[in-house]
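**Q** just need the structure, nothing else, for what follows:
(one chain, ligands or ions: 1)
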Amino acid sequence: MRTSFEHLIWEVEGQVAVLTINRPEVLNALNADVLEELDEWSTQIHPKLEQSTNPIRCIILQGAGSKAFVAGADIKEFKGKTKVEAQAVSTRGQRIFGQIEQLPVPTVALVEGYALGGGAELAIACDFRLAAPNAIIGFPEVKLGLIPGFGGTVRLPRLIGYAKAMEWMTTAKTITAKQGVDVGIFNAILEQENENMLDLAKEWITPLCSMAPMAIKSVIFAMKSQQNMYSTQFFEKEASLFGTLFETHDFEEGVNAFLEKRNPGFQNK
Ligand code: COA
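**A** Residues are numbered from 1 along each chain as shown. Purely as a prediction, here's the structure:
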């Protein structure tokens, strides 16, 4: 398996492995290269985790630096894409996040700072989410004239309920660590300020790592097979709507406004 990537850092220490998305200069935004590497990593690691000799009991996903987990898909790469290309981007992101969701050991998103858009979607494709005190999670795609395209419209309502998911995704509301724990999107807040959040996350998963690995794997399979039974069409619908929005004026305006650091002027066309 490839262990050296340009934008990913993969470290295994005993029973715990850590995957770091490493583009801190753009708040770890997911461009095509990062997605390519996530695809490769998740494809290659899966069979290794299946082996009975595999020592890894848990994988922590984090972003480099303390300002962001992942601030979304790379908005700069949205410009100039056709509807068909955009739909393909969405389908690909959905597939890669699906591969991560299907990994046979528990995955934990350690959210320090922003987990927005595609970053929030990556976090909710994991089994658990731990919030640093500065965590901010949300789905701001409508500000760009878009919708979540990497499975957010499917996974979020299952996780936090229909009404809250609808509210968050239509208002681009951002949620703090405390609010996120109350709603159930975060499992816990890693409270101690100035502590190393990764060390605290490793402490949090210690009980998990001491349980019977095959039993944990079976819980994961049992819960996820229920979810997968009815979701294919939902993902297809999301990708199709995501692509269609790329043909609108408001998408172009939303993306230009972000890049020019100004508020968008939407025209409903
Ligand atoms: N795609 C591409 N670049 C991004 C990005 C994204 N999703 N999020 C942040 N960046 C870049 C910024 O363009 C900026 O680059 P620059 O220095 O070349 O201008 C850099 O990361 C730092 O971000 P900046 O916006 O200056 O930081 P901030 O503290 O003022 O704001 C955020 C932080 C997260 C609130 C803001 O970056 C933001 O809204 N990002 C987009 C979030 C989003 O809509 N995600 C969903 C995408 S589908």
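
**Q** any chance you could map the helices in the stretch 101-250 of the chain?
**A** 118-125, 152-160, 162-171, 177-183, 197-209, 213-228, 232-245, 249-259 (DSSP state H, counting those that start in this stretch).

**Q** close to the ligand: what parts of the chain are there?
**A** 26-27, 29, 71-76, 114, 116-118, 140-141, 144 (CB under 6 Å from any ligand atom). Any C-beta I mention is one placed from the backbone N, CA and C, and that applies to glycine too.

**Q** quick check: closest non-adjacent residue to Thr170.
**A** In this structure, Thr170 finds its nearest non-sequential neighbour in Val142, 6.3 Å apart by CB to CB, 6 or more residues apart in numbering.

**Q** same question for Glu236.
**A** Nearest one to Glu236, counting by CB to CB, 6+ apart, is Thr91 at 8.0 Å.

**Q** was I right about the one you found contacting Ala239?
**A** Yes - with contact defined as CB atoms under 8 Å, Thr91 counts as touching Ala239 (4.7 Å).

**Q** about what we covered before: the residue nearest to Glu236 - how many residues pack around it?
**A** With neighbours defined by other CB atoms under 10 Å, the count for Thr91 comes to 19.

**Q** Leu130 now?
**A** 27.

**Q** same check on Gln227?
**A** 12.

**Q** same deal with Thr248?
**A** Counted with other CB under 10 Å, residues neighbouring Thr248 total 17.

**Q** what do you get for Ile100?
**A** 22.

**Q** CA atoms of the helix or strand hosting it as CSV?
**A** When elements are assigned from DSSP states H and E, Ile100 belongs to helix 83-101. Extracted as CSV, the C-alpha positions of helix 83-101 are listed here (Å, rounded to 0.1, in the frame of the first residue of the first chain):
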residue,chain,number,x,y,z
LYS,A,83,-23.6,20.3,-15.4
VAL,A,84,-22.3,16.8,-16.5
GLU,A,85,-18.8,17.4,-15.1
ALA,A,86,-20.3,18.7,-11.8
GLN,A,87,-22.6,15.7,-11.5
ALA,A,88,-19.6,13.4,-12.1
VAL,A,89,-17.7,15.3,-9.3
SER,A,90,-20.6,14.7,-7.0
THR,A,91,-21.0,11.0,-7.8
ARG,A,92,-17.2,10.5,-7.3
GLY,A,93,-17.2,12.3,-4.0
GLN,A,94,-20.2,10.3,-2.9
ARG,A,95,-18.4,7.1,-3.9
ILE,A,96,-15.2,8.0,-2.0
PHE,A,97,-17.0,9.0,1.1
GLY,A,98,-19.1,5.8,0.8
GLN,A,99,-15.8,3.8,0.8
ILE,A,100,-14.7,5.6,3.9
GLU,A,101,-18.1,4.9,5.5
